[in-house]
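> Give me coordinates for this.
(one chain, ligands or ions: 1)
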Amino acid sequence: FQVTQFVVKCNSDVASLATASSPPWSNSESSKSDAVTAATDKKHGSKQVISVTPRLYDYILNNVRESKILRELREETSTMHGSQMQVSPDQAQLLSMLVQILGAKRCIEVGVYTGYSSLAIALALPEGGELIACERDAKSLEVARRYYKRAGVSHKVDVKHGLAADTLKSMILNGESCSYDFAFVDAEKRMYQEYFELLLQLVRVGGVIVLDNVLWHGKVADPLVNDAKTISIRNFNKNLMEDERVSTSMVAIGDGMIICRKR
Ligand SMILES: C[S@@+](CC[C@H](N)C(=O)[O-])C[C@H]1O[C@@H](n2cnc3c(N)ncnc32)[C@H](O)[C@@H]1O
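As a prediction, this is how the structure comes out:
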C-alpha cells in the first residue's frame, strides 16, 4: 500500500477532528492512547471511540484484501492528477462487501475517475450483473476501461460518458425506476441532493445508496468553515437525518461515508 498518501489525508482529518472535539468533547482520556478520543459530554454519554492515527491506519490497510488488479490500478493512478480523489482500499472493500451482502445484480456509480471503486464493485458482482458507470471525464475513463478489460469485467460495466444527472434522468425516463440494487455516489459535492433524489427513484425498496465524503475532511463539524461545498454537504447530511424515505448509517471510513437503505 502507498501508506504515505493516506497518512497525509489521515493526519489532516485527525487534526480537524481534534479541533472540533475541544469542548464539549473532553479529551482528558485521549492521553492514554493517541488512537482514542473520549466523548464525555452529557448529550452523548461517556464513550471511547477510535481516532485513526497514521500507525493505526497503516494497520487497517494491512488488513485489507486488495486484489492484484486493484492494486495495480491504484498504483498507476497515484502518478496522475487528482489521485487523491480515489476511494481508499478499505472503502473499496466496504463497497464490495455491501454489494455481496445485498446480493446486488444491478448497480450504479456516479463519479468513476480512473475506476478504482467501480472496479471493486464490478469484481463483486455475479456473472450477469451490471454496473452503470457515470463519468464526465473522457481521459479518466480511458484508464478505467483498460482496467475493466484487464480484470475481465468489461461485459459487466456500462460506461455512460457525460453529466451524471443527465444519465440518471434518462434512465428514469427509460422506465428503469426501482430496478437497481445498489448505488455509489462520489462526484460533484454540491449535487449530492440531486443525485440522491434521482437514485432514490432508481433503486428498489431495500436497495442501498452510499455517498462518499460526507465528513468532508472534518469541515462539516467546524462551524467556522462555511464554503459552498462544506455547506452543501452539511445541509445534505442534515436533510438525510429527517428523511423518512431511508434508514441511514454514517460511517467514519476514509473521508466519511453514509449508507442509506430505501424504505
Ligand atoms: C472523487 S472522483 C471519483 C473517484 C472514484 N470513485 C474512485 O474511487 O476512483 C469524482 C469524479 O466525478 C467526476 N464528476 C464530477 N462531476 C461530475 C458530473 N456532473 N457528472 C459526471 N461525472 C462527474 C469527476 O470527473 C471525477 O472523475
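
> after the helix or strand encompassing residue 118, next one along is what?
Assigned by DSSP states H and E, residue 118 belongs to helix 116-124. Counting by DSSP H and E, the element after helix 116-124 in chain order, helix or strand, is strand 130-135.

> other SSEs contacting that next one?
strand 106-110, helix 116-124, helix 138-151, strand 157-161, helix 164-173 (3 or more C-beta pairs under 8 Å, 6 or more residues apart in numbering; DSSP states H and E). In short, each C-beta sits where N, CA and C put it, glycine included.

> could you dump the ones you listed to CSV with mean pLDDT, mean neighbour count and distance to the ligand?
As requested, the helices and strands packed on strand 130-135 are arranged in CSV below (pLDDT from 0 to 100; neighbours: other C-beta atoms under 10 Å; distance: least, C-beta to the nearest ligand atom, whole Å):
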stretch, mean pLDDT, mean neighbour count, distance to the ligand
strand 106-110, 99, 27, 7
helix 116-124, 99, 26, 4
helix 138-151, 98, 17, 5
strand 157-161, 98, 18, 9
helix 164-173, 98, 17, 4
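
> circling back to that earlier point, just the C-alphas of the helix holding residue 118, formatted as CSV.
Only the C-alpha atoms of helix 116-124 are listed here, as CSV (Å, rounded to 0.1, in the frame of the first residue of the first chain):
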residue,chain,number,x,y,z
TYR,A,116,-10.9,2.1,-8.6
SER,A,117,-14.3,1.9,-6.8
SER,A,118,-16.2,0.8,-9.9
LEU,A,119,-13.7,-2.0,-10.5
ALA,A,120,-14.2,-3.1,-6.9
ILE,A,121,-17.9,-3.2,-7.4
ALA,A,122,-17.8,-4.9,-10.8
LEU,A,123,-15.5,-7.6,-9.3
ALA,A,124,-18.0,-8.2,-6.5
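
> Tell me which other helices or strands that helix touches.
helix 68-77, helix 89-102, strand 106-110, strand 130-135, helix 138-151, strand 180-185.

> Touching, residue 202 and residue 179? I think so.
Yes - applying C-beta atoms under 8 Å, one finds residue 202 in contact with residue 179, separated by 7.1 Å.

> between these two, who's got more neighbours?
With neighbours defined as other C-beta atoms under 10 Å, residue 202 and residue 179 compare such that residue 202 has more, 21 against 14.

> can you pull the contacts of that one?
108, 168, 171-172, 176-180, 183 (C-beta atoms under 8 Å, 6 or more residues apart in numbering).

> same thing but at 6 Å, please
Shown in contact with residue 202 (C-beta atoms under 6 Å, 6 or more residues apart in numbering): residue 180.

> same question, residue 247
Residue 247 makes contacts with residue 261, as judged by C-beta under 6 Å, 6+ apart.

> May I ask which helix or strand encompasses it?
Here residue 247, judged by DSSP H and E, is contained in strand 246-251.

> Partner strands of that strand and their direction?
If you go by DSSP bridges, strand 246-251 pairs up with strand 257-262 (antiparallel).

> And the ligand, is the partner strand touching that?
No - if you take C-beta under 6 Å from any ligand atom as the test, strand 257-262 misses the ligand, and the best it gets is 11.4 Å.

> circling back: kindly reformat the helices and strands packed on helix 116-124 as TSV containing distance to residue 214.
As requested, the helices and strands packed on helix 116-124 are exported to TSV (distance: least, C-beta to C-beta, whole Å):
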stretch	distance to residue 214
helix 68-77	22
helix 89-102	12
strand 106-110	14
strand 130-135	19
helix 138-151	23
strand 180-185	10
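
> Give the buried residues for the strand holding residue 247.
Buried residues in strand 246-251, counted by 16 or more other C-beta atoms under 10 Å: 246, 250.

> tell me the angle of it relative to helix 89-102?
Counting by axes from the mean of the first three to the mean of the last three C-alpha atoms, to 10 degrees, strand 246-251 lies at 150 degrees to helix 89-102.

> how far is strand 246-251 from where the chain is centred?
13 Å (C-alpha atoms, centre = their mean, to the nearest Å).

> likewise stretch 37-44?
That offset, for stretch 37-44, works out to 27 Å (C-alpha atoms, centre = their mean).
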